[in-house]
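Peer 1: the sequence and its predicted three-dimensional model are supplied below.
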Amino acid sequence: MIEREILESLAIDAVCACLYYDLQDTLEETPDKELLAIINRTEPCEVCGQIAAVGVLL
Ligand SMILES: [Zn+2]
């Protein structure tokens, strides 16, 4: 199991600019599963078209 702190930091790195502040606000209550989905997403963001910045597959 990946450390929660690492998940949070990877998700913050991976999230696109338009979701960044939302994620920061809700980071602590965002489930691990959702953080992983942000980190591992391969589809571009529906809003800005950006794909995950890190692209680390966990
Ligand atoms: Zn976006």
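Peer 2: Yes, it's here. Because the structure is predicted, anything quoted here is derived from the model rather than measured.
Peer 1: show me where the chain has helices.
Peer 2: 4-14, 17-26, 32-40 (DSSP state H).
Peer 1: now distance to residue 49 too, for those helices, in CSV please.
Peer 2: Every residue, glycine included, has its C-beta placed from N, CA and C. Below are those laid out as CSV (distance: least, CB to CB, whole Å):
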stretch, distance to residue 49
helix 4-14, 15
helix 17-26, 10
helix 32-40, 16
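Peer 1: need those helices in JSON lines (columns: mean pLDDT and mean neighbour count).
Peer 2: Listed next are the helices of the chain as JSON lines, based on pLDDT from 0 to 100; neighbours: other CB atoms under 10 Å:
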{"stretch": "helix 4-14", "mean pLDDT": "92", "mean neighbour count": "16"}
{"stretch": "helix 17-26", "mean pLDDT": "92", "mean neighbour count": "12"}
{"stretch": "helix 32-40", "mean pLDDT": "90", "mean neighbour count": "16"}
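Peer 1: closest to residue 48 out of those helices?
Peer 2: Closest approach to residue 48 among the helices of the chain is made by helix 17-26 (4.9 Å; CB to CB).
Peer 1: nearest to residue 51, out of the helices of the chain?
Peer 2: helix 4-14 (9.3 Å).
Peer 1: what's the closest one packed up against?
Peer 2: In terms of contacts (3 or more CB pairs under 8 Å, 6 or more residues apart in numbering; DSSP states H and E), helix 4-14 is packed against helix 17-26, helix 32-40.
Peer 1: understood, closing this out.
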